[in-house]
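> sequence-free structure coming up:
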Ligand SMILES: Cc1cc2nc3c(=O)[nH]c(=O)nc-3n(C[C@H](O)[C@H](O)[C@H](O)COP(=O)(O)OP(=O)(O)OC[C@H]3O[C@@H](n4cnc5c(N)ncnc54)[C@H](O)[C@@H]3O)c2cc1C
């Protein structure tokens, strides 16, 4: 079959929606994938001696769970039953504030403000905390180019922050006064977002929905996910820390501090889009779909090199770690090929 894009040594099939991994009924090895060609919506197969999934944590789990056969009745690489389980996202909570000391400054390029220059890594002793693991803090602020929505609620600041002569203007303003206010307050907002490690739990999982398919006719996932007291306590600690930092800076925290009624501002599972863990690594084939080299315990020529294999959230968010693990898996595949084991 002619590939969609021929690139010399590599053929790339674009506009191709993989439905499932194909296997040989006798050997149990992966033989390729079945996909829908989005140009003509026809089902097609492509074959290979090694199959490497990199479709993202939930989609790779979906592909494996949809790859059922007589030999693999619960889905491929799933003798452990763990495919789709241990799904977890980063925790996330945030708060901002206004810092009067940053008002009325000369204009200069502050593009580096934020993650490029400031970052707080995990720094505390769990023995003294009421939650396991930790979180880092990402910062924002500075004189970025104002865009739509810039300075929201800025009019309220006039009633709070005195003029240089000590008087307080009433909140609100239009025309020249509004322009003066924008110049005055511009660059004086800062904010923090915590991103932390949640605990991977078996009972947080995705599974195939027996009743719903996507537009290609492929069964979709449905999700079961709750936060535990660990993540909620972590979010409370984030909020206490954010407020302390803003006040130490002489700032005024924005809005009301999120309380227990909102799980301390803890974002809903999935909101931070750092989902991992659904095709996890593990030493034992009874407990995990993959070994330490992203290779399926049950199907030696099948690999998964996306966020699915990660058993926990890494400190610097997902991408660096999953790329490092993917590189290690790639080197392993090359070595195994050279040894004739794959
Ligand atoms: C808006 C946003 C911001 C983020 N910011 C950060 C950040 O600052 N730092 C950080 O570390 N992480 C960040 N993340 C998380 C990070 O992007 C993901 O964890 C990472 O991309 C996951 O990599 P992956 O290889 O698992 O999946 P992906 O990067 O999603 O790659 C999967 C690929 O497979 C393709 N695919 C899926 N299903 C099929 C199928 N059935 N057939 C064929 N192809 C398929 C997709 O089109 C896609 O190209 C962010 C995520 C989002 C959404």
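Received, thanks. Here the structure is a predicted model, which means the values were calculated and not measured.

> give me the pLDDT value at residue 214.
You'll see residue 214 listed with a pLDDT of 98.

> name the SS class of the closest residue to it other than its chain neighbours, please.
Leaving aside its chain neighbours, residue 214 sits nearest to residue 220 (5.4 Å; criterion: CB to CB, 6 or more residues apart in numbering). (Glycine included, C-beta is placed from N, CA and C.) Classification of residue 220 by DSSP: H, G, I helix; E, B strand; the rest coil places it in strand.

> number of nearby residues for residue 220?
Other residues lying near residue 220 total 14 when counted by other CB atoms under 10 Å.

> isn't it up against residue 210?
No. Using CB atoms under 8 Å, residue 220 is not in contact with residue 210; the gap is 10.3 Å.

> how far does stretch 98-106 stretch from start to finish?
The straight-line separation of the ends of stretch 98-106 (CA to CA, to the nearest Å) is 17 Å.

> run through who's touching it.
With CB atoms under 8 Å, 6 or more residues apart in numbering as the test, stretch 98-106 has contacts from 141, 143, 157, 161, 164, 183-185, 187-190, 246, 249-252, 254.

> list the buried residues for that stretch?
Within stretch 98-106, the residues that count as buried by 16 or more other CB atoms under 10 Å are 98, 99, 100, 102, 103.

> and it, how far out from the chain's middle?
From the chain centre to the centre of stretch 98-106 is a distance of 33 Å (CA atoms, centre = their mean, to the nearest Å).

> and that stretch, average pLDDT?
91.

> repeat for stretch 301-313
97.

> equivalent analysis for stretch 181-189, please.
The predicted model gives stretch 181-189 an average pLDDT of 86.

> and for that stretch, what's in contact with it?
By CB under 8 Å, 6+ apart, stretch 181-189 touches 96-100, 102-105, 110, 141-143, 146, 150-151, 154-155, 157-158, 161, 173, 254.

> helix or strand right after the helix or strand bottoming out on mean pLDDT in the chain?
Each helix and strand of the chain was given a mean pLDDT (mean pLDDT, DSSP states H and E); the minimum falls on strand 5-7 at a mean of 61. Per DSSP states H and E, the first helix or strand lying C-terminal to strand 5-7 is strand 10-12.

> list the buried residues of that following strand.
Buried-residue list, strand 10-12, by 16+ other CB under 10 Å: empty.

> ok, now stretch 207-223?
For stretch 207-223, the neighbour count (16+ other CB under 10 Å) marks 207, 208, 218, 219, 221 as buried.

> who's in contact with the fourth one?
By CB under 8 Å, 6+ apart, the contact set of residue 219 is 62, 66, 208, 209, 210, 212, 213.

> bridging residues for the third one?
For residue 208, the beta-bridge assignment (DSSP bridges) gives partners residue 221.

> also the last one?
For residue 213, the residues forming beta bridges with it (DSSP bridges) are residue 219.

> wouldn't it be in contact with residue 221 here?
No. Using CB under 8 Å, residue 213 is not in contact with residue 221; the gap is 11.3 Å.

> does the closest residue in space to residue 286 that isn't next to it in sequence sit in a helix or strand, and which one?
Nearest residue to residue 286, sequence neighbours excluded (CB to CB, 6+ apart): residue 80, at 5.7 Å. Using DSSP H and E, residue 80 sits in no helix or strand.

> how near is residue 80 to the ligand?
20 Å (CB to the nearest ligand atom, to the nearest Å).

> quick one: contacts for that residue?
With CB under 8 Å, 6+ apart, residue 80 has these contacts: 282, 284, 285, 286, 287, 288, 289, 297.

> per-residue pLDDT, it?
Looking at residue 80, the pLDDT reads 98.

> excluding chain neighbours, what is closest to the residue positioned nearest the centre of the chain?
Central residue of the chain (CA atoms, centre = their mean): residue 274, 1.3 Å from the mean position. Of all residues not flanking residue 274 in the chain, residue 90 sits nearest, at 4.1 Å (CB to CB, 6+ apart).

> neighbours of that neighbour, just the number please.
That count, for residue 90 with other CB under 10 Å as the rule, works out to 24.

> can you pull the contacts of it?
So residue 90 contacts 195, 196, 197, 198, 272, 274, 313, 317, 318 (CB under 8 Å, 6+ apart).

> go again with 6 Å.
Residues in contact with residue 90 (CB atoms under 6 Å, 6 or more residues apart in numbering) are 195, 272, 274, 313.

> residue 190 versus the residue nearest to the centre of the chain, what's the distance?
Residue 274 is 23 Å from residue 190, where distance means CB to CB, to the nearest Å.
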